[in-house]
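Visitor: okay, predicted coordinates and the sequence, questions at the end:
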Amino acid sequence: MAIGTNSTRAYSAAHFVLELDQTEIAGFFRSVEGGGVKSDILTYNMGSNADQWHQLGKPKYEDVKIQVGMSMSQTFYTWIESFFAGKVLRKNGAILAGDFHYKERARREMYDVLISEVTIPKFDASDRAPCYMGVTLVPERLEFAAGSHRDLSPHVAALQQKLWTPNHFEFIISGFEQATRRTTKIESFTIKQQILEYKAGNRRNSTRVPSRVVFPNLTFFVPEADAKPLVDHFTARVISGAPPPPTRIDGAITATDSDNAPLCTISLYGIDIASIGPDKSDSTSQDIKQVRVDITVERMQFQYAQGMGQLA
């Protein structure tokens, strides 16, 4: 008796692929979490009978969380740009699981998918490990399907791989270019959009609708020797109560590769300094004395460097 066939043999999922609009391979990504389906268990009694009956409720679909680098397709990053801009853009797609030999072994079909969160990793001048952007996908409906065993390896060569490390970045705030040019670290931050559920009648699946996009405050660190313009601005605005400047303060974070070519830019609008203070000090440390700055940001815009990671 045969122990197993190619279609039933257990495998180790070594490669994960995002497919968009049923046909386009949007790229390989590092990891995937969630994407399950569950149902509430309803319990009820009848009269004086001590027995309990269980009944399954409507299906609930878990969010899908993926970690991606800078080698996805232009279509995917355009989707990210639309999310930052607050535009409702739904996608149909699938998560493909491939084995070590790049053969598609399983897939999860997703329909009317919205983005609910994008997490930008930290930027740190002392960290050279690869970094990844976290994206949370919210499907309105999800189905499991068997893999087609097609070969996914041709798409590896078609994608221009770009290594993204947190130590290559540029950060500027208009009017404070000299103070921020030597920024040593920017903490990770997450842009969020709550997804609301609308349940109508006896429909098995609820309709999911996005609410407004919420942009977080940012925290960054600069050498104390460069911090005077930032301290002076905070003192005038908060301590002395000076009115805001006539023009709003803008800025930008640009992630670059090892050749200083831009990978993506996150533009920041409506900046003001909310908090400033010295970082932790230790007499036994030889680290450069730094100042921690918290800024509030009214709006952000994501722009992917054209042509990088684009499918051939």
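Guide: Structure's in. What do you need?
Visitor: residues contacting Asn260?
Guide: Residues counted as contacts of Asn260 (Cβ atoms under 8 Å, 6 or more residues apart in numbering) are His168. C-beta: built from backbone N, CA, C; applies to glycine.
Visitor: switch to numbering from 5
Guide: Got it, first residue is 5 now, which makes that one Asn264.
Visitor: ok, it to Phe173 distance?
Guide: Applying Cβ to Cβ, to the nearest Å, the value for Asn264 to Phe173 is 10 Å.
Visitor: next: Gly255.
Guide: Shown here: Gly255 relative to Phe173, a distance of 13 Å by Cβ to Cβ.
Visitor: can you map out the helices along the stretch 55-204 of the chain?
Guide: For the stretch 55-204 of the chain, the helices defined by DSSP state H, counting those that start in this stretch cover 78-88, 158-162, 181-184.
Visitor: put the alpha carbons of the shortest one into CSV.
Guide: Taking C-alpha atoms only, helix 181-184 is exported to CSV below (Å, rounded to 0.1, in the frame of the first residue of the first chain):
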residue,chain,number,x,y,z
GLU,A,181,16.2,70.2,9.2
GLN,A,182,19.4,70.7,11.1
ALA,A,183,17.9,69.4,14.3
THR,A,184,16.5,66.2,12.7
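Visitor: residue contacts, the residue lying closest to Gln307 once chain neighbours are set aside?
Guide: If you skip the residues right next to it in sequence, Gln307 has Thr269 as its closest partner in space, 4.8 Å away by Cβ to Cβ, 6 or more residues apart in numbering. Residues touching Thr269, when contacts are defined by Cβ under 8 Å, 6+ apart, comprise 256-259, 306-307, 309.
Visitor: nearest to Asp44 among those residues?
Guide: The closest of the contacts of Thr269 to Asp44 turns out to be Phe306 (Cβ to Cβ; 36.3 Å).
Visitor: low-confidence ranges in the stretch 105-254 of the chain?
Guide: Along the stretch 105-254 of the chain, the parts satisfying pLDDT under 70 run over 158-165.
Visitor: at which residues are the strands of it located?
Guide: In the stretch 105-254 of the chain, the segments counted as strands under DSSP state E, counting those that start in this stretch are 108-124, 127-128, 137-142, 145-150, 173-177, 189-190, 193-202, 211-218, 222-227, 253-260.
Visitor: relative to Gln26, which of those strands is closest?
Guide: Gln26 sits nearest to strand 108-124 of all the strands of the stretch 105-254 of the chain, at 9.1 Å, using Cβ to Cβ.
Visitor: packing partners of that closest one?
Guide: Using 3 or more Cβ pairs under 8 Å, 6 or more residues apart in numbering; DSSP states H and E as the contact criterion, the elements in contact with strand 108-124 are helix 78-88, strand 95-102, strand 137-142, strand 145-150, strand 193-202, strand 211-218.
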